[in-house]
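**Student:** predicted model and sequence follow; I will ask about them next.
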Amino acid sequence: TIRIGPSLPGLGKTVYVKVGDKLNQGAPLFLIDDRELNAELLIKEAGQIKARAGIDEAQAMQEDARSQYGLVRNATNSRAVSVDEVQKRRYAELLAQAKLESAKAALVVAEAELKATRVTIDRLTVRSPLVGEVMQVNIRPGEYAQAGVLSTPLIMLGNLDLLYVRVDIDENDAWRFKSETRAVASMRGNRDLKTDLQFERVEPFVTGKKSLTGSSTERVDTRVLQVLYSFPRSKLPAYVGQQMDVFIETPDILNPGTAAGGRP
């Protein structure tokens, strides 16, 4: 299961899905209020237009300064044009060139800010990270959506085509486990509803057994080896979160002192 939350907090504006919907990757789930950022987007777009106009203005000033300097650049008669005037027009051309480069840089900044605002607006639409099914919806339009890790996810997704069973094996029995042996899961409340399990993997870190009773005072003094199995959804009327009883066969264990041909 995947617990979905927003990357940016805010008021929920639109919820696009309901429980049971099957989604493709990237499908929109819900939208955070985007009015403030849309207003900011208009300002950034105006800033981009202003930056482009600034380039046109700087180019015109550069052309004017270049032509003015060109008129006196090759003058040889100091009485017609003074050296000071030549230098002044030369520096005016250099200044105009610098202003053009500054205007181009301002356009790059304006375009980057506009792009950043569009990315932020896109982040307000929370999308499905996988192909799956909606299992829970805990947000409504007008409710405030917190960012970060939440005890109750705003939306829970999962791919239910294949169901996984996490089996806790007591550490005292862990040495008896063999991945190649048969494993069978049965439904609690009706042991006749059962199916063979497909071995997936072992999580080799032995951990404390998780309390599933909800009691805050329960002591957990058992350590378990966790093994993952799977079975197709069509095999049993099972739901995500249910507990199951799992029987795992163990291979015959011979008496270490029995010789070949002896009786086990």
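**Tutor:** Thanks, I have the structure now.
**Student:** count the neighbours of the closest residue to P141 other than its chain neighbours for me.
**Tutor:** Nearest residue to P141, sequence neighbours excluded (CB to CB, 6 or more residues apart in numbering): G12, at 5.4 Å. C-betas here are computed from N, CA, C, even on glycine. When neighbours are defined as other CB atoms under 10 Å, G12 has 19 of them.
**Student:** need phi/psi at G12.
**Tutor:** The phi/psi pair for G12 (degrees, to the nearest 10) reads phi -70, psi 130.
**Student:** could you report the pLDDT at it?
**Tutor:** With respect to pLDDT, G12 scores 94.
**Student:** and D161, by the same measure?
**Tutor:** 85.
**Student:** next one: it from V227, what distance?
**Tutor:** Using CB to CB, to the nearest Å, D161 is found at 21 Å from V227.
**Student:** quick one: contacts for the residue nearest the centre of the chain?
**Tutor:** In the chain, the residue lying closest to the centroid (CA atoms, centre = their mean) is P129, at 6.8 Å. Going by CB atoms under 8 Å, 6 or more residues apart in numbering, P129 touches I2, I4, Q25, L157.
**Student:** now, which of those sits nearest S151?
**Tutor:** Closest approach to S151 among the contacts of P129 (CB to CB): I4, at 13.9 Å.
**Student:** could you give the bridge partners of the closest one?
**Tutor:** Per DSSP bridges, the residues bridged to I4 are I155.
**Student:** list the contacts for it?
**Tutor:** L29, V126, S128, P129, P153, L154, I155, M156, L157.
**Student:** let me have those in CSV, extended by pLDDT.
**Tutor:** CSV is the format used below for these (pLDDT from 0 to 100):
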residue, pLDDT
L29, 96
V126, 95
S128, 95
P129, 93
P153, 91
L154, 94
I155, 95
M156, 94
L157, 94
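**Student:** how about the residues you listed in JSON lines, adding distance to V206?
**Tutor:** Below are the contacts of I4 laid out as JSON lines (distance: CB to CB, whole Å):
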{"residue": "L29", "distance to V206": "37"}
{"residue": "V126", "distance to V206": "37"}
{"residue": "S128", "distance to V206": "35"}
{"residue": "P129", "distance to V206": "31"}
{"residue": "P153", "distance to V206": "29"}
{"residue": "L154", "distance to V206": "34"}
{"residue": "I155", "distance to V206": "33"}
{"residue": "M156", "distance to V206": "29"}
{"residue": "L157", "distance to V206": "30"}
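**Student:** need the buried ones from the residues you listed selected in ChimeraX.
**Tutor:** To isolate the buried members of those in ChimeraX, using 16 or more other CB atoms under 10 Å:
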select :29,126,128,153,154,155,156,157
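**Student:** closest to A39 among the contacts of I4?
**Tutor:** V126 (21.1 Å).
**Student:** where's the closest one, which helix or strand?
**Tutor:** strand 125-127 (DSSP states H and E).
**Student:** any regions of the stretch 151-264 of the chain where pLDDT drops low?
**Tutor:** 210-221, 252-264 (pLDDT under 70).
**Student:** strands of the stretch 101-250 of the chain, start to end?
**Tutor:** Taking DSSP state E, counting those that start in this stretch as the test, the strands found in the stretch 101-250 of the chain are 125-127, 132-137, 144-145, 155-158, 162-170, 183-187, 190-196, 198-208, 223-232, 244-248.
**Student:** now the second one: average pLDDT?
**Tutor:** Averaged across strand 132-137, pLDDT comes to 94.
**Student:** which residues are contacting stretch 8-18?
**Tutor:** In contact with stretch 8-18 (CB under 8 Å, 6+ apart) are residues 23, 27-34, 120, 123-124, 134, 137, 139-147, 155.
**Student:** many thanks, have a good one.
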